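> This is a predicted model, with the sequence first.
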Amino acid sequence: MSDPTPEVFTGVFTRQEPIPEDAISAAIAVMRDGGIHRYSPANVAETALLEQEFAAFSGARYCLAVASGGAAMRLALRAVGVGPGQRVLSNAFTLAPVPGAIAALGAAPVFVEVTEALTLDLDDLAARAVPGDVLLLSHMRGHIVDMDALMDLCGRRGVRVIEDCAHTMGATWRGVASGRHGVIGCYSTQTYKHMNSGEGGFLVTDDPDLAARAVLLSGSYMLYARHRAAPGPEVFEGLKLDVPNVSSRMDNLRAAILRPQVALLAGRVARWRVLYDVVEAGLQAVPGLVLIPRPPHESFVGSSFQFLLPGWAPERVEAFLARCGARGVDLKWFGRAEPAGFTSRHDCWRYAARQSLPRTDAVLAGLIDMRLPLTFGPDDCAVIARIIAAEVQSNAPAAPVRGAD
């Protein structure tokens, strides 16, 4: 009897949920009014209201909505005083906007090794950090390092922490919202995140001086009093003539799209966790495939799923990816020498000094990444997991040829 026809997945990994109808209506109202700029002469700008609502969601005193997650990181770095030539520590496993934000200020990215759990190697951080450093901590792909240990280490070393929460909006560590441990937290509302405005981002902080600097940097001109989630005008008085305008504002159109999504965020996080759990259950105990451990203190979120294929040769990984792709499962690989799509690694960023990062390189060599959009359901994820498990097991390493070199 012939083998059954292999199962094929027919979903689309890049298809997102539609924008909510109330957000569409709010965006149309802004367009009909024409007041798209956040400082248009309206009673209260959509952007100012969004900042107020996201500050309440995150538990922060101050919030600034900006043009992108990358813009939030650039403003955060500049607000804490990072300038040309200064060292900024960051995860070696991250995406290009993180070292890009550092390089945009003329600063020097210093990469820190990551562990097999895809989080910052605290021993390597301790070896590299010196007093006065800034750490731009990337919670890459939703994996949160032990924040208690990290903040203790950085406090003892005099290292200020800025959190890149592009993949952890809605996550917590021991009940504290991701982005609320460091001096500033940065978030993204780019498509594929759980709040979607195409591009956009937030910056949150409890520090009035940093908040005021960020508002001025973002391009408030002398209109900072129109912000509802910012410090009072008196905080700006000593800063307004010294802080440059680098024009990174969010507009009222994107804010109108995002405001209804704040209330949906917790539900989206819960729904995504269901999808994650189905894939994880389907890949448990698959020989040759290693899942990423999740610590008990982490209430995690993300938009993609990762696993490791440790020790696999590049050609074997490529063949596995091709077989999964032929069955409709779209996987990304962080081990490729050349960037592909959104995926690149530290040795591709030639604007940063090359470093020896053997532990990170070993992790990335076998790291597979897969989007899990909310347009998928649990049954879809079960199919995906079965296909991946089958293709991992169908490609066991060949026995060595006798007499070969």
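Good, I have the coordinates.

> rest of the way, CA atoms for contacts and neighbours
OK.

> what about Ile384, distance to Leu64?
According to C-alpha to C-alpha, to the nearest Å, Ile384 stands 39 Å off from Leu64.

> and these two? which has more neighbours close in?
A count of neighbours by other C-alpha atoms under 10 Å puts Leu64 above the other of Ile384 and Leu64, at 29 against 25.

> just to confirm, which helix or strand has that one in it?
Per DSSP states H and E, Leu64 falls inside strand 62-66.

> Return that strand as CSV; C-alpha atoms alone will do.
Only the C-alpha atoms of strand 62-66 are listed here, as CSV (Å, rounded to 0.1, in the frame of the first residue of the first chain):
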residue,chain,number,x,y,z
TYR,A,62,4.4,59.5,30.8
CYS,A,63,4.0,58.2,27.2
LEU,A,64,5.0,59.5,23.8
ALA,A,65,3.6,58.1,20.5
VAL,A,66,6.1,58.3,17.7
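
> following that strand, which helix or strand comes up?
helix 69-79.

> Give me the distance between that next one and the centre of its chain.
14 Å (C-alpha atoms, centre = their mean, to the nearest Å).

> tell me the mean pLDDT over the helix or strand just after that helix?
Read in the C-terminal direction, the helix or strand following helix 69-79 is strand 87-91, with elements assigned using DSSP H and E. Average pLDDT, strand 87-91: 97.

> What of stretch 214-234?
Mean pLDDT, stretch 214-234: 97.

> Helices of the stretch 301-405 of the chain, start to end?
314-326, 358-365, 378-393 (DSSP state H, counting those that start in this stretch).

> Output the below-cut-off pLDDT ranges for the chain.
Within the chain, the stretches with pLDDT under 70 are 1-3, 339, 395-405.

> Check it for its longest helix and report it.
Longest helix in the chain by number of residues (criterion: DSSP state H): helix 265-283.

> helices and strands around that one, which ones?
When contacts are defined as 3 or more C-alpha pairs under 8 Å, 6 or more residues apart in numbering; DSSP states H and E, helix 265-283 sits against helix 378-393.

> Report the angle between the helix it packs on and helix 314-326.
Helix 378-393 runs at 150 degrees relative to helix 314-326, counting by axes from the mean of the first three to the mean of the last three C-alpha atoms, to 10 degrees.

> Between helix 265-283 and helix 378-393, find me the angle.
Orientation check (the same axes, to 10 degrees): helix 378-393 against helix 265-283 gives 40 degrees.

> mind listing what's buried in helix 378-393?
For helix 378-393, a neighbour-count test (16 or more other C-alpha atoms under 10 Å) marks 378, 380-389, 391-392 as buried.

> go on, stretch 341-358?
Those would be Thr343, Ser344, Arg345, His346, Asp347, Ala352, for stretch 341-358 by 16+ other C-alpha under 10 Å.

> Stretch 272-279 too?
Trp272, Arg273, Leu275, Tyr276, Val278, Val279.

> of all those, which comes closest to Leu309?
Val279 (15.9 Å; C-alpha to C-alpha).

> show me the contacts for the closest one.
Shown in contact with Val279 (C-alpha atoms under 8 Å, 6 or more residues apart in numbering): Cys381, Ala382, Ile384, Ala385.

> Can you give me the distance of it to His181?
Val279 is 30 Å from His181, where distance means C-alpha to C-alpha.

> so how far is the first residue of stretch 323-343 from its last?
Using C-alpha to C-alpha, the span of stretch 323-343 from its first residue to its last is 20 Å.

> what's in contact with that stretch?
So stretch 323-343 is in contact with 6-11, 13, 95, 314, 321, 344-345, 348, 361, 364-371, 384, 387-388, 391, going by C-alpha under 8 Å, 6+ apart.

> roughly how far is it from the heart of the chain?
Taking C-alpha atoms, centre = their mean, the mean C-alpha location of stretch 323-343 is offset from the chain mean by 19 Å.

> Give the buried residues for it.
323-324, 327-336, 343.

> want to throw the residues you listed into a markdown table with distance to Ala263?
Output for these, formatted as a markdown table (distance: C-alpha to C-alpha, whole Å):
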| residue | distance to Ala263 |
| --- | --- |
| Arg323 | 40 |
| Cys324 | 36 |
| Arg327 | 37 |
| Gly328 | 33 |
| Val329 | 32 |
| Asp330 | 31 |
| Leu331 | 31 |
| Lys332 | 31 |
| Trp333 | 34 |
| Phe334 | 34 |
| Gly335 | 37 |
| Arg336 | 39 |
| Thr343 | 31 |
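
> what's the distance between Ile144 and Thr168?
For Ile144, the distance to Thr168 - C-alpha to C-alpha - is 8 Å.

> With Val301 instead?
Using C-alpha to C-alpha, we find Val301 at a distance of 6 Å from Thr168.

> now swap in Gln306 and tell me
For Gln306, the distance to Thr168 - C-alpha to C-alpha - is 15 Å.

> Break down the protein into its strands, ranges please.
62-66, 87-91, 108-112, 134-138, 160-164, 172-173, 176-177, 184-188, 201-205, 290-291, 298-299, 304-308, 332-333, 367-371 (DSSP state E).

> about what we covered before: can you show me the CA trace of the longest helix of the chain as PDB?
C-alpha atoms of helix 265-283 as PDB (Å, rounded to 0.1, in the frame of the first residue of the first chain):
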ATOM      1  CA  LEU A 265      -4.400  44.000  23.400                       C
ATOM      2  CA  ALA A 266      -4.900  41.700  26.400                       C
ATOM      3  CA  GLY A 267      -7.400  39.500  24.500                       C
ATOM      4  CA  ARG A 268      -5.000  39.300  21.500                       C
ATOM      5  CA  VAL A 269      -2.200  38.300  23.900                       C
ATOM      6  CA  ALA A 270      -4.300  35.500  25.300                       C
ATOM      7  CA  ARG A 271      -5.400  34.300  21.900                       C
ATOM      8  CA  TRP A 272      -1.800  34.200  20.700                       C
ATOM      9  CA  ARG A 273      -0.700  32.200  23.700                       C
ATOM     10  CA  VAL A 274      -3.200  29.500  22.700                       C
ATOM     11  CA  LEU A 275      -1.600  29.200  19.300                       C
ATOM     12  CA  TYR A 276       1.900  29.100  20.800                       C
ATOM     13  CA  ASP A 277       0.900  26.400  23.200                       C
ATOM     14  CA  VAL A 278      -0.600  24.200  20.400                       C
ATOM     15  CA  VAL A 279       2.600  24.400  18.400                       C
ATOM     16  CA  GLU A 280       4.800  23.800  21.400                       C
ATOM     17  CA  ALA A 281       2.700  20.700  22.400                       C
ATOM     18  CA  GLY A 282       3.000  19.300  18.800                       C
ATOM     19  CA  LEU A 283       6.800  19.700  18.800                       C
END
